[in-house]
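Chemist: this is a predicted model, with the sequence first.
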Protein chains: 2
Amino acid sequence: MDFVITFSENEKAFVAKVSGDIDAYHSATFKQKIIEHMDNIDKKIIAVDLSEVSYIDSAGLGAIVSLIKESKKHEKEVVLLSLQNQIRRIFEMTKLDKIIRTEDTIEEV
Amino acid sequence: MDFVITFSENEKAFVAKVSGDIDAYHSATFKQKIIEHMDNIDKKIIAVDLSEVSYIDSAGLGAIVSLIKESKKHEKEVVLLSLQNQIRRIFEMTKLDKIIRTEDTIEEV
C-alpha cells in the first residue's frame, strides 16, 4: 500500500494528512516529512490527520512520540485528527492519549 | 555493541536489566523478550533497569509504549529504573514520563 502525506494549511493549523500504515517501513518517512516542515510553519498547531490511517505499530507510536519532542523544541503543538476506532483504542491502551491532544475534526482544533 | 537482557526477581518485582542501545535494531528483541515473560510472572511490577542503556531512539520509545499496553493487558505495571541523564531528558521532552513511572533504584519501586 502506498504511503502519502499531503500538506495544507488553514487559518488555525498546518495540516499533514497521512494515507497509509504508520509502521516500521514508513515511520521514518512520516517523522522526517513533518519535521522538515517545522521550521517553515508559522502556525502554532500542526494537525496530523489520521482519517486514512488504519494501522500503526510500535515504530509508528515512537515516531509520534518523537514528533511531540520536536514540536516542543519548535514551540508548536501536534494535534491528532480523526482517528479511526482501532487507532483510538491503541492510543487509549498505551495511554498516549494523555500526552497528545486528539480531536475528531479540524474545526475542533 | 551487544544487546543483552538479564532477568531476575526480588520480593516486589520482576526485573529486566537491559544492556545496550534500545534502537531500531534491538527494539523488537527488547519488547518480545519482556512480553514473553509476562504470562509467567506472578509479580505485579515489571521493573526495566535502564542503568546500562545510554541511547534510545524512536523505535525504542515505541517499544516502551507497546510494553505499557501489554502490561495493562496482563494487569501489570512497567516501571523504568535508573535512567541515565540523557535518557531521562528524552522521557521528559517526549512527556513519556507522564505515562510511565520512573524510579532511581529498585528499593523505590
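Modeler: Yes, it's here. Remember, predicted model here, so these are calculated numbers, not experimental data.
Chemist: how many residues are close by the closest residue to chain B within chain A?
Modeler: Residue nearest to chain B within chain A: A:G62 (2.7 Å; Cβ to the nearest Cβ). All C-beta atoms are positioned from the backbone trio N, CA, C, and that covers glycine. Close neighbours of A:G62, defined as other Cβ atoms under 10 Å in any protein chain shown, add up to 27.
Chemist: which strand or helix spans it?
Modeler: According to DSSP states H and E, A:G62 maps onto helix A:58-73.
Chemist: which SSE is immediately downstream of that helix?
Modeler: strand A:77-81.
Chemist: report the inter-axis angle for that following strand versus helix A:58-73.
Modeler: If you take axes from the mean of the first three to the mean of the last three Cα atoms, to 10 degrees, strand A:77-81 sits at 140 degrees to helix A:58-73.
Chemist: next, count neighbours for A:S71.
Modeler: 21.
Chemist: can you name the residues that contact the closest residue to it other than its chain neighbours?
Modeler: Spatial nearest neighbour of A:S71, chain neighbours left out: A:V78 (4.6 Å); criterion: Cβ to Cβ, 6 or more residues apart in numbering or on different chains. Residues near A:V78 by Cβ atoms under 8 Å, 6 or more residues apart in numbering or on different chains: A:45-48, A:64, A:67-68, A:71, A:100-101.
Chemist: what do you get if the cut-off is 6 Å, keeping everything else the same?
Modeler: A:46, A:67, A:71 (Cβ atoms under 6 Å, 6 or more residues apart in numbering or on different chains).
Chemist: try A:F30
Modeler: So A:F30 contacts A:22, A:63 (Cβ under 6 Å, 6+ apart).
Chemist: so which bits of the helix holding A:G62 are buried?
Modeler: A:58-71 (16 or more other Cβ atoms under 10 Å in any protein chain shown).
Chemist: and if you look at stretch A:89-100?
Modeler: A:90-91, A:93-97, A:99-100.
Chemist: got the residues of chain A near chain B?
Modeler: A:58-59, A:61-63, A:65-66, A:68-69, A:93-95, A:98-99 (Cβ under 6 Å from any Cβ of the partner chain).
Chemist: adding pLDDT, write the residues you listed out as TSV.
Modeler: Supplementary listing: the residues of chain A next to chain B in TSV, determined by pLDDT from 0 to 100:
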residue	pLDDT
A:S58	93
A:A59	94
A:L61	96
A:G62	95
A:A63	96
A:V65	95
A:S66	94
A:I68	94
A:K69	93
A:M93	92
A:T94	92
A:K95	92
A:K98	93
A:I99	94
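Chemist: quick one: the strands in chain A?
Modeler: A:4-9, A:13-19, A:45-52, A:77-81, A:101-103 (DSSP state E).
Chemist: can you list those in a markdown table and add mean pLDDT?
Modeler: Listed next are those as a markdown table, based on pLDDT from 0 to 100:
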| stretch | mean pLDDT |
| --- | --- |
| strand A:4-9 | 96 |
| strand A:13-19 | 97 |
| strand A:45-52 | 98 |
| strand A:77-81 | 97 |
| strand A:101-103 | 97 |
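Chemist: now those strands as TSV including distance to A:H26?
Modeler: What follows is the strands of chain A, written out as TSV (distance: least, Cβ to Cβ, whole Å):
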stretch	distance to A:H26
strand A:4-9	9
strand A:13-19	9
strand A:45-52	13
strand A:77-81	16
strand A:101-103	20
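Chemist: cheers, nothing more for now.
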